[in-house]
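*Asks:* Sharing a model prediction with you, sequence too.
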Amino acid sequence: MAHSSAPLTLPVLPLDDEVVLPGMVVPLDLSDTEVRAAVEAAQAAARADGPSAGKPRVLLVPRIDGAYAATGVLGTVEQVGRLSDGDPGALIRGVTRVRIGAGTTGPGGALWVEGATVEETVPDPLPGQVTELVKEYKALATEWLKKRGAWQVVDRVQQIEGVSALADNSGYSPFLTTAQKVELLETADPVARLKLATEHLREHLAEQDVAESIAKDVQEGVDKQQREFLLRRQLDAVRKELRELNGESEGEESDDYRARVEAADLPEKVREAALKEVEKLERSSDQSPEGSWIRTWLDTVLELPWQERTEDVYDIAGARAVLDAEHAGLEDVKERITEYLAVRKRRADRGLGVVGGRRGGAVLALVGPPGVGKTSVAESVAHAMGRKFVRVALGGVRDEAEIRGHRRTYVGALPGRIVRAVKEAGSMNPVVLLDEIDKIGSDFRGDPAAALLEVLDPAQNHTFRDHYLEVELDLSDVVFLATANVLEAIPEALLDRMELVRLDGYTEDEKVVIARDHLLPRQLERAGLDAGEVVLEESALRRLAGEYTREAGVRNLERSLARLLRKVAAQHETGERALPFTVTPDDLRGLIGRPHHVPESAQDPAERRTSVPGVATGLAVTGAGGDVLFVEASLADPETGAAGLTLTGQLGDVMKESAQIALSFLRSHGAELELPVADLKDRGVHVHFPAGAVPKDGPSAGITLVTALSSLLSGRLVRTDVAMTGEVSLTGRVLPIGGLKQKLLAAHRAGITTVVIPKRNEPDLDDVPAEVLEKLEVHPVSDVRQVLEIALAPAEVPVPLAA
Ligand SMILES: Nc1ncnc2c1ncn2[C@@H]1O[C@H](COP(=O)(O)OP(=O)(O)OP(=O)(O)O)[C@@H](O)[C@H]1O
């Protein structure tokens with residue numbers, strides 16, 4: 001509430017861009033003529049009024065853009081003197097609002113106006129809202145003052161009583177604009193004025209909060225940057241000193257990836273990707289893990305032979321000569337490889353790509369037992385083509401990432417083996433041997449075979465994408481070869497893409513030639529002996545192959561030769577032996593000990609495996625090539641033994657079933673064969689396949705099982721010199737089997753002279769080397785009864801039946 005009263009006439013003191021509210025005390029500069037005129041007029045008026053007049057009075061009126069406000073403040077001149085800067089000044093106190101009326105210019109140039117003081121009324125007692133308002137204003141003002149560190153003023157503000165005085169105190173606030181202050185001046189109602197003042201204060205505090213938090217953020221950012229900058233400077237200094245200590249020159253640290261990428265001969269897309277990484281690297285700090293990932297990646301990319309390729313030698317006759325020079329025998333294999341090279345050459349001549357698609361024969365797979373020369377034949381292919389050779393061992397690979405790489409985000413990520421192989425080769429068109437492709441597995445980590453399919457597929461492999469590398473790699477010029485021990489274990493889809501080349505193993509004659517022409521010269525060199533210093537008689541080599549080793553390949557033969565030569569070299573060094581030295585079969589024992597493999601037929605009859613009824617000799621193919629395998633059968637005591645069929649020796653399901661079939665056949669047909677099959681009724685049968693640690697499977701032991709059981713029941717021995725292979729049906733038919741060549745080679749190695757084979761395998765005999773067939777009496781049969789006739793020794797031989 002406010003109303004005007006008591007007319008006054010006072011000299012106007014104009015305030016430019018300044019507002020004084022009642023209660024405020026302000027110093028004013030008297031060197032300003034208008035101010036001085038007003039003050040002097042007020043002083044003169046006071047003097048004229050005599051001693052009771054009180055302090056001189058002026059009317060403080062804000063003047064904005066030359067226009068006076070409608071309300072002013074009556075001010076008393078408290079003091080006249082000097083201001084802090086030495087100018088004459090007056091201290092004026094605002095007292096009360098005055099509404100301005102008409103004006104005239106008076107003595108001394110001062111403007112005199114008439115006015116009426118504005119009376120204010122504040123409700124008493126204060127309504128709750130107003131008390132709250134007072135509290136709020138005081139709280140906000142306190143907060144603001146504290147922020148500015150104006151602690152001494154806080155108490156004064158807290159002590160101000162009266163709504164009007166409190167509101168007018170805000171006139172001191174430096175953040176209020178002149179217009180806002182004029183508004184406060186012209187708001188006569190104290191409660192409304194306090195509301196206004198509170199709002200301004202609240203707004204200002206809020207603005208300040210925002211500004212502060214921005215400032216804080218900015219400051220923190222600046223601090224961090226500064227810290228990082230300083231640390232980097234220190235790091236650089238330390239590095240420099242280290243380099244100096246190590247005698248390196250500046251910049252030798254080949255961190256300059258950008259220059260390296262720019263200088264490298266990279267395909268356009270790869271260069272783009274690499275430069276992108278360089279940018280990332282430049283942005284990242286030296287120590288960040290990302291930086292080190294990027295460097296490893298860039299190193300890999302820079303080391304790949306993107307534009308390197310070797311010139312192909314497409315001289316087919318020359319290639320054949322290389323193959324012949326490096327390997328003895330293996331006629332079929334060399335033939336097949338020569339054809340493969342010839343087709344490649346013709347297609348290359350016509351500008352055609354590699355033969356692709358299913359069964360396209362893009363990949364030659366060399367299949368055969370260990371040590372038959374698969375790896376070394378593959379290496380010869382590379383020689384023959386004039387290409388680099390790299391071997392990728394796949395045995396035991398179960399993780400797709402091994403082939404295709406780990407994503408870069410993975411800790412310790414690496415490119416896959418294919419990319420590593422290309423890097424190792426140093427050319428984009430090497431011969432890559434996928435070794436032991438039959439030994440890849442698959443599990444929850446994905447299917448490596450599927451990744452390999454992509455690698456081998458000519459339709460896809462020109463844009464092979466390794467997860468780590470992320471840029472495409474063209475594998476279409478790579479010649480892929482594969483090796484495997486067993487065909488059955490190669491994943492079907494892969495098998496589909498391969499052209500198989502079989503290496504079944506060597507005959508003794510072939511081994512002798514290989515040993516003489518290839519293994520011996522190599523091992524002589526390894527032992528530091530000159531060619532011709534140690535010579536092995538052919539019969540010595542033959543015994544070495546036949547009695548000291550029993551294998552499809554020549555790996556152990558090579559080892560035995562190495563052992564022998566080391567021994568001779570040592571003897572020569574100690575003066576025990578003069579060189580040159582020709583090794584005869586009789587020298588072997590003294591040099592490398594007793595032979596490990598004596599043929600069954602050469603054993604003392606009582607020592608032979610087949611010296612008791614119930615044991616027959618079978619032929620099998622394992623991962624190590626063909627082998628002879630015995631089958632032992634026994635009958636349990638009716639009193640103590642368990643009934644039924646017991647099988648031991650790590651058998652697969654198919655083999656177990658063929659044991660059931662053999663037993664069922666004898667149960668139903670035994671009587672015709674004059675076998676005491678009644679024994680089978682209540683006595684348990686146990687069949688065991690020795691070499692129990694080697695897993696065995698397949699149906700080809702069928703006729704061996706029937707023979708062993710028949711021998712057991714009849715008490716007739718199985719002939720020691722006979723071995724057999726064939727599946728048997730419930731009616732006694734003999735069904736064909738696989739791996740005939742390997743089996744016959746094994747039989748020959750073991751000193752077997754008679755073999756029984758399924759009639760339907762007769763055509764396979766063409767693959768068996770003539771020298772082996774010459775030494776073997778082969779009986780093709782179609783019925784198991786024929787087998788028994790051949791294999792069981794005559795009944796007259798008196799042997800006690802083992803219970
Ligand atoms: N026909 C051959 N002529 C000359 N050397 C041979 C012949 N066959 C094998 N070799 C030699 O026998 C050794 C064994 O061969 P290699 O390592 O290539 O066998 P592999 O079949 O690859 O065996 P694995 O399946 O265990 O890898 C090699 O030193 C190889 O040179």
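*Replies:* Arrived safely.
*Asks:* How about residues contacting the helix or strand hosting Val654?
*Replies:* Using DSSP states H and E, Val654 falls within helix 653-669. Identification of contacts with helix 653-669 by C-beta atoms under 8 Å, 6 or more residues apart in numbering yields 645, 647, 651, 673, 675, 677, 680, 685, 687, 689, 696-699, 701-702, 705-706, 709-710, 713, 727-732, 784. In this view, the C-beta of every residue, glycine as well, is placed from N, C-alpha and C.
*Asks:* how about a cut-off of 7 Å?
*Replies:* By C-beta atoms under 7 Å, 6 or more residues apart in numbering, the surrounding residues in contact with helix 653-669 are 645, 647, 675, 677, 680, 685, 687, 696-699, 701-702, 705-706, 709-710, 727-728, 730, 732.
*Asks:* Buried by neighbour count, from those: which ones?
*Replies:* 645, 647, 675, 677, 680, 685, 687, 696-699, 701-702, 705-706, 709-710, 727-728, 732 (16 or more other C-beta atoms under 10 Å).
*Asks:* hang on, the earlier thing: and the helix holding Val654, how far out from the chain middle?
*Replies:* The chain centre lies 50 Å from the centre of helix 653-669; the measure is C-alpha atoms, centre = their mean, to the nearest Å.
*Asks:* Where does the chain get nearest to the ligand, residue-wise?
*Replies:* Gly373 (2.6 Å; C-beta to the nearest ligand atom).
*Asks:* neighbours of that residue, just the number please.
*Replies:* Using other C-beta atoms under 10 Å, Gly373 has 24 other residues around it.
*Asks:* Now Thr731. Nearest residue, chain neighbours left out?
*Replies:* Phe665 (7.5 Å; C-beta to C-beta, 6 or more residues apart in numbering).
*Asks:* nope, Asp265 is what I meant
*Replies:* Nearest residue to Asp265 in three dimensions, chain neighbours excluded: Gln307, at 4.7 Å (C-beta to C-beta, 6+ apart).
*Asks:* residues contacting His572?
*Replies:* Contact analysis of His572 by C-beta under 7 Å, 6+ apart lists Leu579.
*Asks:* which SSE is it in?
*Replies:* helix 555-573.
*Asks:* Could you export stretch 583-596 as CSV, CA atoms only?
*Replies:* As requested, the backbone C-alpha atoms of stretch 583-596 are provided in CSV (Å, rounded to 0.1, in the frame of the first residue of the first chain):
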residue,chain,number,x,y,z
VAL,A,583,77.5,-102.0,-44.3
THR,A,584,76.4,-105.6,-44.7
PRO,A,585,73.2,-107.1,-43.2
ASP,A,586,75.3,-108.7,-40.5
ASP,A,587,76.7,-105.3,-39.4
LEU,A,588,73.3,-104.0,-38.6
ARG,A,589,73.0,-105.8,-35.3
GLY,A,590,76.3,-104.4,-34.0
LEU,A,591,75.4,-100.9,-35.1
ILE,A,592,71.8,-100.4,-34.2
GLY,A,593,70.8,-103.4,-32.1
ARG,A,594,68.4,-106.3,-32.6
PRO,A,595,65.6,-106.1,-35.2
HIS,A,596,62.2,-105.2,-33.7
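*Asks:* Now it: buried residues?
*Replies:* Val583, Pro585, Asp587, Leu588, Leu591, Ile592.
*Asks:* surely the residue of the chain closest to the ligand meets Leu503?
*Replies:* Yes - taking C-beta atoms under 7 Å as the definition, Gly373 is a contact partner of Leu503 at 6.5 Å.
*Asks:* Touching both of those two, which residues are there?
*Replies:* Leu330.
*Asks:* quick one: secondary structure of Gly89?
*Replies:* strand (DSSP: H, G, I helix; E, B strand; the rest coil).
*Asks:* so it makes contact with Pro27?
*Replies:* Yes - if you go by C-beta under 7 Å, Gly89 and Pro27 touch, sitting 5.2 Å apart.
*Asks:* Quick check: neighbours shared by those two?
*Replies:* Common neighbours of Gly89 and Pro27 (C-beta under 7 Å, 6+ apart) are Leu83.
*Asks:* Of these two, which one has the most company?
*Replies:* Taking neighbours as other C-beta under 10 Å, Gly89 and Pro27 compare with Gly89 leading, 21 against 15.
*Asks:* Excluding residues flanking it in the chain, which one is nearest the more buried one?
*Replies:* Per C-beta to C-beta, 6+ apart, closest to Gly89 is Leu83, 3.6 Å.
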